[in-house]
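> coordinates only, no sequence provided:
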């Protein structure tokens, strides 16, 4: 491949050097911030050697080249533009000016949750393993692994303890991540999270029961009665409190003398944020988080398969807007209170959508004989089946819109099916074929059938519709 020529063509088709603000790359894509996206010649970019797809998201224009190739294209591109290397974070910061308020809000939530997802996934998958080991009838009728082999009961209990830790101390993880995102000291944020789950406080999981029994204790401070109740597993109170903490910290640093800064700033910031967390933010956030989670669960449970069909059909368009990132907060809340919610219904529906996108992409590969299309569609389709849909969705299915509609139909039908049988996940993971360990053990059969429906419908419709459209054309 002639990489200098590819870079030269890219610059021309992107509107010239003056239209390119900055550029970076990830494992497979160029990430470019443009001054005016209307100057982009999309068809011209498609015809450049090595290009496997393109799309615009979060203020960045991203061009897919694939692993290895993208590094060499980026090297030549920056050389011809006369700009130095910049990180993905710097590109994202530069792109923020091209984003609306809603996009910035969604990105902010994603920035908070993405770093802590490994801990949530690990805890959730261990929770799934614990559920399988203690579920009666999962392996043997009338028995669980623990009842059949009592000698492993302590090991199973140990697994449960590890599984619960990320959710019990979720405010600590969120406090650290959110405070760092808002520009404050993340360790102060972690301390705030610790305060919200302090062992001296009543258990937040059983708040309603403790309140009903009249066993709530109070601090009497400044004429106020403040409930001594923790916020285990909560999301919204912690994020809002972290924003207040970071804002207070930055404000104090503006006028506190430097020789008092390390003493006064953390002391006042943490005390005020903690006081507000228990008097205003916490009670409001607890109710808001509960209303959102209960409301979505009620809507799903009430509308049943109709609600599942609607959600599943439009999940992919929601992904295009980026709004799906907000579901992380809701799912975390649902999983944190799995004893009452039964788990999250969002993850299984996301899996149905991802599988449908992958199947539709493979349908395009079979319907079209163009080697370049197949070279992109096959690996992209397989990637989507495993939970990574961007290459399939943006690189193939949206380009051949019949495939995208086929995926929406397949996802909608499969989601209606799993909603009818109330399939839920008790952990987060790879939303696709690899998502099986995240599903409640008694729902595995229906989840598997749902995956088959999603794949078969999306693949068949995509093949027929894309082939017919291209024959007609």
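Perfect, I can see it now. Since the structure is predicted, the reported quantities are computational estimates derived from the model, not experimental observations.
> part of a strand, is residue 219?
Yes. Residue 219: assigned to a strand according to DSSP: H, G, I helix; E, B strand; the rest coil.
> tell me the domain ranges of this structure?
The chain is divided into the following domains under automatic domain parsing: 3-98, 169-291, 304-472.
> where does residue 427 sit: helix, strand or coil?
On the three-state scheme (three-state DSSP), residue 427 is labelled coil.
> which one is residue 168 nearest to, not counting chain neighbours?
residue 232 (5.5 Å; Cβ to Cβ, 6 or more residues apart in numbering). Bear in mind the C-beta positions are built from the backbone N, C-alpha and C, glycine included.
> over to residue 450?
Nearest residue to residue 450 in three dimensions, chain neighbours excluded: residue 418, at 4.1 Å (Cβ to Cβ, 6+ apart).
> pLDDT at the one you found, what is it?
Looking at residue 418, its pLDDT stands at 93.
> isn't there a strand covering it?
No. Counting by three-state DSSP, residue 418 is not found in a strand; it is helix.
> give the contact list for it.
Residue 418 makes contacts with 308, 348-349, 352, 443, 446-447, 450, as judged by Cβ atoms under 8 Å, 6 or more residues apart in numbering.
> do the same with residue 177
Residue 177 neighbours (Cβ under 8 Å, 6+ apart): 112-113, 115-116, 186, 189.
> quick one on the thing from earlier: so which of the contacts of residue 418 are in helices?
Counting by DSSP state H, the contacts of residue 418 place 308, 348-349, 352, 446-447, 450 in helices.
> and of those residues, the nearest to residue 8?
Closest approach between the ones in helices among the contacts of residue 418 and residue 8, by Cβ to Cβ: residue 352, at 43.2 Å.
> can you give me the distance of the residue nearest to that closest one when sequence neighbours are not counted to residue 421?
Spatial nearest neighbour of residue 352, chain neighbours left out: residue 414 (4.1 Å); criterion: Cβ to Cβ, 6+ apart. According to Cβ to Cβ, to the nearest Å, residue 414 stands 11 Å off from residue 421.
> which of those two has more residues huddled nearby?
Neighbour comparison, residue 414 and residue 421: the larger count goes to residue 414, with 31 against 16 (by other Cβ atoms under 10 Å).
> quick check on the more buried one: phi, psi?
Dihedral angles of residue 414 (phi, psi; degrees, to the nearest 10) stand at phi -70, psi -40.
> state the distance from residue 33 to residue 75.
Look at residue 33 and residue 75: by Cβ to Cβ, they are 18 Å apart.
> pLDDT-wise, which helix or strand of the chain ranks last?
Lowest on mean pLDDT, DSSP states H and E among the helices and strands of the chain sits helix 88-95, with a mean of 58.
> what comes up buried for stretch 32-39?
Using 16 or more other Cβ atoms under 10 Å as the test for burial, stretch 32-39 gives 32-34, 37.
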